[in-house]
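S.K.: Just the structure for this:
(2 chains)
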2 protein chains.
Amino acid sequence: MQLPRQHRVVVVGGGFGGLVATRTLKRAPVRVTLVARSANHLFQPLLYQYATGILDEGEIAPPLRQVLARQRNVRVLLAEVDSFDLEGRVVTGRTPDGRGLTLAYDSLIVAAGAHSSYFGHNELALHSTPMKTIDDALALRRRIFGAFETAELATDPDTRRSWLTFAVVGAGPTGVELAGQLRELATRTLRDEFRSIDPSHSRVVLFDGGPEPLPRFGDQLASRAEMVLRGLGVELRMGRVVTAIDGDGLMARGSNGAEERLETHTVIWAAGVQASPLARMLADASGAGCDRHGRVEVLPDCTLPGHPEVFCAGDMVSLRGLTGMAEAAMQMGRYAARTIKRRAKGQGADRPFRYIDLGSMAYLSRGQAVVSFHGLRFHGFIGWLMWLVVHITFLTGFKNRVSALFTWVTAFGGRARNQRALALRDIEQRPPAAGRKSA
Amino acid sequence: MQLPRQHRVVVVGGGFGGLVATRTLKRAPVRVTLVARSANHLFQPLLYQYATGILDEGEIAPPLRQVLARQRNVRVLLAEVDSFDLEGRVVTGRTPDGRGLTLAYDSLIVAAGAHSSYFGHNELALHSTPMKTIDDALALRRRIFGAFETAELATDPDTRRSWLTFAVVGAGPTGVELAGQLRELATRTLRDEFRSIDPSHSRVVLFDGGPEPLPRFGDQLASRAEMVLRGLGVELRMGRVVTAIDGDGLMARGSNGAEERLETHTVIWAAGVQASPLARMLADASGAGCDRHGRVEVLPDCTLPGHPEVFCAGDMVSLRGLTGMAEAAMQMGRYAARTIKRRAKGQGADRPFRYIDLGSMAYLSRGQAVVSFHGLRFHGFIGWLMWLVVHITFLTGFKNRVSALFTWVTAFGGRARNQRALALRDIEQRPPAAGRKSA
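M.R.: Here you go, the predicted structure:
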């Protein structure tokens, strides 16, 4: 007896969109191949906690294989996708040892995400640290703790001061959360650890071209966040565009055109993202448009024009401003998977994709978060409790939840941060002085 | 009123010797400067658990500053020591940002440890991974998990087989523990995670020039360990010296001179160590001897000839075969600190250093460890419980102990390993084929 040939689904990307799509296909009569460039899912909204030494790698980056071990209709492949043949319904890529890989599909979901972008000014990348991957966050963590170490050894007050100055570019959730954590780190965790410097004298300066932090949260919560950040000691430089970064500082231009310089060795780039190049590839192949961030303009059902079998999801998609939100990526991934499931079962017509706004939240400091939810706004301790419940719920896997809860209890209760191994060679490999730009 | 000038102690190295020396000086009327190349202490005996995805960075590498935060007579400096002026009693080095550093001392304790050694055959390093620092272990972890990922994608059986073969060189505690963990990983953790390969078919081959594993534990426990390892599926190749390693395999020579080749992409080097170059520097400056591993031959009181104020401790010291043991390094460090304390208080003559053998232990697998203690020998579950109690006791800091205990309960009870983030680019940067050696 011959089994009916199973519908083949290829999912590209192991982020929120790809992982949720894959899990949604759990009981569907399909065979799923998840192709990802990382063997782990990354819980991006908590990356800043890894970068500042609170959570460990396992807590925010569980292995995709472990998460999907019991879903027997999925295989996970660690490979780079480099092209699509939409007519032939084939994805091609390459394996870690450099061999070619060809995957035929009946349905395709591409959720390849975005990476840090410097708005075409790639020279800004040379002396700043992005915050997108786990390697970025590890590098950043070493720079942050390394800056305090170097300051402790400095003999000249100006040198010391510049090592104790941290610039964060971009006042979205990532930038705001990082800035808050840097001050908590300086005033709580490191309080008794140094002898020559006082870490609480360190400066954290937050730059953004817009008028206020967290614009997506609305004026009321944005002002609240501004107040909390100022209370923590974060210096806000709103309406300032960073125009140059060298190894010793940065230049920022105000709306009146005046330039100011800040001496610092640590610049964190949390300002912009650019969609994966796969987005443009799919746009070109299907005749879809692309926005200025390289995101593909999909149809209202998240598919490509002329290709109802090809879905796109998450940060590489241009659809009603739904970007930079884990929740939107998850909803798109779930929608795509459900549509495929319904088609595979021969069930009725597809409903269009409808985004359900579950709100936004940002962690400001111990016991302080801002939450916007269905037109309601919460802040302070209530907001923080909501933040805690939501993040514990969404962390993937039992061990991660319990372990993160335990970590947070000790981190919020006490003040130790353990995830901060650092060797001299991690920080002494500074970018070459020759790469310096005169502003 | 002028305060009496305090006795200045400089401690070089933040490993077991240096950290215990520093803590022992807690209530002494001295001012301590601890200079280390890593900002964290490394609990080296558990490094293999980090390399195989069980423990996280914070559990095995707590920050020195955090551990010593409340000891007010200590300052910690992250710097590289590059020379000693024993007559002038000055240590010189350099800071992370490349400036010079000069530290005057009244007493000096040097405990700079050892690094992996290839017995003069540095070409062996090109295609193998050492196991000494936290960066080594991270690189190794990525290679191990990356090998399974690459095998999953292989289409040719020989290629798959060579990616699923792991060679461990050196059957001391580190090599034996790693070999056991690799089999546990393959048979338990990864059991349901792959679709094309069966991880339990992976081979772990343990090489050593000597006749049996764990020679320091005596014949009885060595045979026991051999039995447990074979039961786990580790292939033992005792009496074999590894003579060449290339990107595709290694060559080993038996005692009869016959060469055998093993096809593998993952070779772990746990065979030999060489003392820090600071050991030879001190030997040359004081006229002390050096053994073939570059360890300085100290006097019976751990000082240098003619320099009763300069102590050496740990793996850079040649003293009655006391090397490669955390316990010996701790006892030397404690002895040096107590001697300095007694001198600072003007108390009687120094006692000579006496090593108290507290025994050795090695973890073989879940519920299996071998312990040699005061002539008594334990193995199996009792041995494993002793292992657990001792390691929980010696981990540094409350959070680490509770967190490691929790991790072990979930790791030994369940089978998940979370610490294994891995990106494609971590494993595709293979050593160049041009570097290959024909054996």
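S.K.: ranges for the helices of chain A?
M.R.: Taking DSSP state H, the helices of chain A run over residues A:16-24, A:47-51, A:57-60, A:64-68, A:134-153, A:157-163, A:173-184, A:218-232, A:277-286, A:326-344, A:380-394, A:398-413, A:424-428.
S.K.: Make a markdown table from those and add mean pLDDT to it.
M.R.: Formatted as a markdown table, these follow (pLDDT from 0 to 100):
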| stretch | mean pLDDT |
| --- | --- |
| helix A:16-24 | 96 |
| helix A:47-51 | 91 |
| helix A:57-60 | 86 |
| helix A:64-68 | 91 |
| helix A:134-153 | 93 |
| helix A:157-163 | 96 |
| helix A:173-184 | 94 |
| helix A:218-232 | 92 |
| helix A:277-286 | 97 |
| helix A:326-344 | 93 |
| helix A:380-394 | 85 |
| helix A:398-413 | 71 |
| helix A:424-428 | 70 |
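S.K.: Figure out which of those is closest to chain B.
M.R.: helix A:57-60 (2.8 Å; CB to the nearest CB). No exception for glycine: its C-beta is placed from N, CA and C like everyone else's.
S.K.: Need the helices of chain A in CSV (columns: mean neighbour count and distance to A:Ala125).
M.R.: Below are these laid out as CSV (neighbours: other CB atoms under 10 Å in any protein chain shown; distance: least, CB to CB, whole Å):
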stretch, mean neighbour count, distance to A:Ala125
helix A:16-24, 26, 25
helix A:47-51, 26, 17
helix A:57-60, 26, 24
helix A:64-68, 24, 28
helix A:134-153, 22, 11
helix A:157-163, 17, 20
helix A:173-184, 26, 16
helix A:218-232, 17, 26
helix A:277-286, 20, 17
helix A:326-344, 22, 25
helix A:380-394, 16, 30
helix A:398-413, 17, 31
helix A:424-428, 19, 19
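S.K.: Save those helices as a markdown table, and put in distance to chain B too.
M.R.: Compiled in a markdown table, those are given as follows (distance: least, CB to the nearest CB, whole Å):
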| stretch | distance to chain B |
| --- | --- |
| helix A:16-24 | 13 |
| helix A:47-51 | 10 |
| helix A:57-60 | 3 |
| helix A:64-68 | 4 |
| helix A:134-153 | 4 |
| helix A:157-163 | 8 |
| helix A:173-184 | 15 |
| helix A:218-232 | 22 |
| helix A:277-286 | 14 |
| helix A:326-344 | 18 |
| helix A:380-394 | 16 |
| helix A:398-413 | 5 |
| helix A:424-428 | 5 |
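S.K.: Make CSV from those helices and add distance to B:Val205 to it.
M.R.: Listed next are the helices of chain A as CSV, based on distance: least, CB to CB, whole Å:
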stretch, distance to B:Val205
helix A:16-24, 36
helix A:47-51, 36
helix A:57-60, 28
helix A:64-68, 25
helix A:134-153, 31
helix A:157-163, 48
helix A:173-184, 45
helix A:218-232, 55
helix A:277-286, 40
helix A:326-344, 42
helix A:380-394, 42
helix A:398-413, 31
helix A:424-428, 32
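S.K.: Among those helices, which comes closest to B:Tyr105?
M.R.: helix A:134-153 (17.2 Å; CB to CB).
S.K.: Now do the closest one against helix B:134-153, angle only.
M.R.: 180 degrees (axes from the mean of the first three to the mean of the last three CA atoms, to 10 degrees).
S.K.: same for helix A:134-153, what does it pack against?
M.R.: Judged by 3 or more CB pairs under 8 Å, 6 or more residues apart in numbering or on different chains; DSSP states H and E, helix A:134-153 is in contact with helix A:47-51, strand A:129-130, helix A:157-163, strand A:266-269, helix A:424-428, strand B:74-78.
S.K.: A:Arg195 is nearest to which of the ones you listed?
M.R.: Closest among these, using CB to CB: strand B:74-78, at 4.0 Å.
S.K.: ok, that closest one near chain A or not?
M.R.: Yes. Counting by CB under 8 Å from any CB of the partner chain, chain A has neighbours in strand B:74-78: B:Arg75, B:Val76, B:Leu77, B:Leu78.
S.K.: The third one: how many residues sit nearby?
M.R.: Translated: B:Leu77. Neighbours of B:Leu77 under the rule other CB atoms under 10 Å in any protein chain shown: 21.
S.K.: And for the second one?
M.R.: Around B:Val76 sit 26 other residues, with neighbours defined as other CB under 10 Å.
S.K.: so what's it up against?
M.R.: By CB atoms under 8 Å, 6 or more residues apart in numbering or on different chains, the contact list for B:Val76 reads A:Glu152, A:Glu193, B:Gly14, B:Leu34, B:Ala36, B:Ala39, B:Leu64, B:Arg65, B:Leu68.
S.K.: go again using 6 Å as the cut-off
M.R.: B:Leu34, B:Leu64, B:Arg65 (CB atoms under 6 Å, 6 or more residues apart in numbering or on different chains).
S.K.: Next: the last one.
M.R.: For B:Leu78, the residues meeting the contact criterion (CB under 6 Å, 6+ apart) are A:Glu149, A:Leu424, B:Ala39.
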